[in-house]
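Asker: I need the structure of the sequence given here:
(2 chains)
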Amino acid sequence: MNPFRRSPFVIIAAVLVYIFLYAPIVGLILYSFNASRTNVTFEGFIPAFSERVVMDGSLVKSSPCGPFHWYCDLAKNNDVAEAAGNTLKIAFVATIISTVIGTMSALALQRYNFKMKPFSQLSLYIPIVIPEIVMGIGILTLFSQVFGWANNAFNLVGDARLSLGIATVTVSHIAFMVPFVTLVVQARLQGFDKSYEEAAMDLGANEWTTFRRVTFPMILPGVMSGALLAFTLSLDDFVITFFTNGPGSTTLPIYVYGLLRRIITPQVNALSTVWILVVFLAVMALQILQNREQKPQH
Amino acid sequence: MTSEFAVEMRDVVKRFITPEGNEMAAVDHVTMQIKNGEFFSMLGSSGCGKTTSLRMVAGFEWPTEGEVYIEGKAMGHTPPFQRKVNTVFQSYALFQHLTVYQNLAFGLEMEGAGADEIKKRVGRALEMVQLTGMDRRKPKQLSGGQQQRVALARALVKTPDVLLLDEPLGALDLKLRKEMQLELKALQQQLGITFIYVTHDQEEALTMSDRIAVMSKGKVQQMGTPVEVYERPSNKFVADFIGESNFLEGKIKSISGNEASVFIPSLNAELVGMSISEGIVKGEEVNVCIRPEKIRIADKEAVNQNMFRATVTNTVYIGVDTKVFVDAHGAKLKIWEQNRISRLDPKSFYTVGQEVWLMLLPENTLVLKKD
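Answerer: Residues are numbered from 1 along each chain as shown, chains lettered A, B, ... in the order given. A predicted model of the protein is given here:
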């Protein structure tokens, strides 16, 4: 037997780690049921269901939704729906495009030798290591310069004027997600033997069919993890989005930040709880899918 | 019209750029003609150019110089998917995401075969490699030997003119490998298609091949039947690479007709009646080569000119043979004596320190040019 397995220190350490990781989340979820409107201290659950909201100072005494008062509050909030819609739109488009570009560059870096290869490889790390705020300012500068020049050069007026919005946020997200996708896919390609592709060609498949029937299905798990990483990065990106968004392109993180600057109500907690739940279910679904894929079929 | 040769390589050179930026010829002016229906092996240690040669036939590499012909047609830059050859890979390269059936069907789908035809041909191929009933398994669920058979069936189901095999048995254990050697040979004879087989295992090449090309440093050292390359190696490399050999350095003393006498300084004696190959002249330094099993040991001198006194320095009993190591005037020789009589008495074997007479018969001895 492993002597460490019985050691109480291991158990204590494990418990501490779990507390450290999950206590904030548990607290956050708990506070989404808080009766207090100011959300500074936990004043207990909202006790009663009633026809209308009854307030006692800053305490909610009863609500048509009972303990789920803040969730109902959230559902009525059109700004949240819009922000969530923007966030998902941006995340989907940016994930698809950055996964395609990232996968192609990973394949190129893995199989071809070219003069600028060391530089290309190194340049992948730059967007990852430089502070996000620097990149955000950089992208903003680029957009305002180019847009300013284009608006003047083509005399664009009114709605035709180029300005910050969903498109600029999406493009910026693609820019910072591509290196992540490339590195994840590249790591998965390390074990990919080129003899699989040679075998496909040997059996009569041309380059495109080889990619479609052999290469892509074999690297798909790597591409999927790259895409998943990109998707989560896009969902919760704040800094770059902050610099590149414009009117009508508010995303959830930006919206939450805006809420916090005004007044902290448990609505924020309710929003975060829903958010966590959605992400959790998505990750679970992906895990189940992957396990089913790997399970041997009899 | 089909050509006499299934595959022909004419003066093929393949140069690579090494990571250090130097040019290196992996295949250096190789010419080979492989006949229809032949079991042809390329034999050599790693880096000799055998796999690169095979890959040029398959179309995975293109020659830097020279030309590869398949069925008489110059291949040029024809891609692999347009060549009527199929390959069995060393790593098998089975598609892990597909079942055995789908792996075999892949090549037929590429030909545009219909579902019924695919089913029939895949079934027949699986039967041929004795894997009937395994068609719904994934490659990972099969043993190494079974995977090897799937790889073989996947290539053969395409009914290629030429089957290329790149060390296909390398990953199998010895017993299975020996079984598969005989099976492959039987299969090749039954199907009548040309096999080009790459291996570093000389026994494998000798067992299966009609002809062998012994390769080293990108060049073909000798091409011939297994008997020819073993009994008449054309140079010291081949004599040393295939089987074992004793080499004695010598000098041609005189030549009359096809026969020569060779002076061996280490024996301080002359070997007479040696047959020599063309191009060897009087006074030339040569290597005299004799296989360990072809030296005769006698207890006393007989009437023969090519006899030398020697002292036994070591003996090793290995069952089939007894290996006898001797020292003749400083020349160290190894001799394999077959144990043809069952015996236990240690005195009936040669003992260390024993004086013996060695007989080097001219017909068992080769005179080779110095490399």
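
Asker: Quick one: residues contacting B:Phe16.
Answerer: B:Glu23, B:Met24, B:Ala26 (Cβ atoms under 8 Å, 6 or more residues apart in numbering or on different chains). Glycine gets a C-beta too; all of them are placed from N, C-alpha and C.

Asker: Touching, B:Lys253 and B:Pro265? I think so.
Answerer: No: shown here, B:Lys253 and B:Pro265 do not form a contact pair, counting by Cβ atoms under 8 Å, at 11.4 Å.

Asker: May I have stretch B:221-229 exported as PDB, CA atoms only?
Answerer: Only the C-alpha atoms of stretch B:221-229 are listed here, as PDB (Å, rounded to 0.1, in the frame of the first residue of the first chain):
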ATOM      1  CA  GLN B 221      26.300  -4.000 -53.200                       C
ATOM      2  CA  GLN B 222      25.000  -7.100 -54.800                       C
ATOM      3  CA  MET B 223      21.900  -8.400 -56.400                       C
ATOM      4  CA  GLY B 224      21.200 -12.100 -56.800                       C
ATOM      5  CA  THR B 225      19.400 -15.200 -55.600                       C
ATOM      6  CA  PRO B 226      19.800 -16.100 -51.900                       C
ATOM      7  CA  VAL B 227      22.300 -18.800 -52.900                       C
ATOM      8  CA  GLU B 228      24.300 -16.400 -55.000                       C
ATOM      9  CA  VAL B 229      24.600 -13.700 -52.300                       C
END
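
Asker: Can you mark which positions in it are buried?
Answerer: Of the residues in stretch B:221-229, B:Gln221, B:Gln222, B:Met223, B:Gly224, B:Pro226, B:Val229 count as buried by neighbour count, 16 or more other Cβ atoms under 10 Å in any protein chain shown.

Asker: Closest one of these to chain A?
Answerer: Ranked by distance to chain A (Cβ to the nearest Cβ), these are led by B:Met223 at 25.7 Å.

Asker: So for the closest one, what's the pLDDT?
Answerer: As predicted, B:Met223 sits at a pLDDT of 96.

Asker: Can you list the neighbours in contact with the helix or strand hosting it?
Answerer: Using DSSP states H and E, B:Met223 maps to strand B:219-224. With contacts defined as Cβ under 8 Å, 6+ apart, strand B:219-224 is touched by B:28-32, B:49, B:211-215, B:228-229, B:232-235, B:237-238, B:241.

Asker: sorry, back to before: take the contacts of B:Phe16 and keep only those in strands.
Answerer: Residues from the contacts of B:Phe16 lying in strands, with DSSP state E as the criterion: B:Glu23, B:Met24, B:Ala26.

Asker: Based on its surroundings, how many neighbours for the last one?
Answerer: It stands for B:Ala26. The tally of other residues near B:Ala26 (other Cβ atoms under 10 Å in any protein chain shown) stands at 21.

Asker: Could you tell me which residues of chain B lie near chain A?
Answerer: Taking Cβ under 8 Å from any Cβ of the partner chain, the part of chain B that reaches chain A is made up of B:58-60, B:79-81, B:85-87, B:89-91, B:93-97, B:106-107, B:110-111, B:136, B:138, B:140-141, B:154-155, B:158.

Asker: If any of those are buried, give me the PyMOL selection for them.
Answerer: Here is the PyMOL command that selects the buried residues among the residues of chain B next to chain A (16+ other Cβ under 10 Å):
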select buried, chain B and resi 58+59+60+80+81+85+86+87+89+90+93+94+95+97+106+107+110+138+154+155+158
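
Asker: Break chain A down into its domains, please.
Answerer: Domain segmentation of chain A under automatic domain parsing yields A:3-73, A:78-262.

Asker: Save these as TSV, and put in distance to chain B too.
Answerer: Compiled in TSV, the domains of chain A are given as follows (distance: least, Cβ to the nearest Cβ, whole Å):
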stretch	distance to chain B
domain A:3-73	32
domain A:78-262	3
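
Asker: Which of those domains comes out lowest on mean pLDDT?
Answerer: domain A:3-73 (a mean of 84).

Asker: Give the buried residues for the biggest helix by length in chain B.
Answerer: Assignment by DSSP state H gives helix B:174-191 as the longest helix of chain B. Residues of helix B:174-191 classed as buried: B:Arg177, B:Met180, B:Gln181, B:Leu184, B:Lys185, B:Leu187, B:Gln188 (neighbour count, 16+ other Cβ under 10 Å).

Asker: next one: stretch B:281-288
Answerer: B:Glu284, B:Val286, B:Asn287, B:Val288.

Asker: Quick one: the strands in chain A, in order.
Answerer: Along chain A, counting by DSSP E, strands occupy A:48-49, A:54-56, A:59-63.

Asker: just the helices in the chain please.
Answerer: This is for chain A. Using DSSP H, helices in chain A cover A:8-31, A:69-75, A:78-111, A:117-129, A:132-153, A:166-189, A:195-202, A:207-210, A:216-235, A:239-244, A:252-262, A:266-294.

Asker: ah, I was thinking of chain B
Answerer: B:50-58, B:100-111, B:115-128, B:144-156, B:174-191, B:202-208, B:226-231, B:236-241.

Asker: wait, isn't A:Tyr71 in contact with A:Val274?
Answerer: Yes: in this structure, A:Tyr71 is within contact of A:Val274 by Cβ under 8 Å, at 7.5 Å.

Asker: Which of the two has more residues huddled nearby?
Answerer: Taking neighbours as other Cβ under 10 Å, A:Tyr71 and A:Val274 compare with A:Tyr71 leading, 19 against 16.

Asker: Now do the contacts for that one.
Answerer: A:Tyr71 sits next to A:Ser32, A:Cys65, A:Ala270, A:Val274 when contact means Cβ under 8 Å, 6+ apart.

Asker: wait, doesn't the last one sit right on A:Trp70?
Answerer: Okay, so that is A:Val274. No: because the distance of 10.5 Å does not satisfy Cβ under 8 Å, A:Val274 is recorded as not touching A:Trp70.

Asker: what's near enough to touch the nearest residue to A:Phe49 once chain neighbours are set aside?
Answerer: Nearest non-adjacent residue to A:Phe49, counting by Cβ to Cβ, 6 or more residues apart in numbering or on different chains: A:Gly66, 4.4 Å away. By Cβ under 8 Å, 6+ apart, the contact set of A:Gly66 is A:Ile46, A:Pro47, A:Ala48, A:Phe49.

Asker: how much space is there between A:Gly66 and A:Phe33?
Answerer: Counting by Cβ to Cβ, to the nearest Å, the separation of A:Gly66 from A:Phe33 is 9 Å.

Asker: Who are the contact partners of B:Thr313?
Answerer: By Cβ under 8 Å, 6+ apart, the neighbours of B:Thr313 are B:Phe325, B:Val326, B:Asp327, B:Lys332, B:Val352.

Asker: Most neighbours among the residues you listed, please name it.
Answerer: Top of the contacts of B:Thr313 by neighbour count (other Cβ under 10 Å): B:Val326, with 25 neighbours.

Asker: Please list all residues in contact with the closest residue to that one other than its chain neighbours.
Answerer: Sequence neighbours aside, B:Ala310 is the residue nearest to B:Val326 in space, at 4.0 Å (criterion: Cβ to Cβ, 6+ apart). For B:Ala310, the contact set (Cβ under 8 Å, 6+ apart) comprises B:Val326, B:Asp327, B:Ala328, B:His329, B:Leu333, B:Glu355, B:Val356, B:Trp357, B:Leu358.
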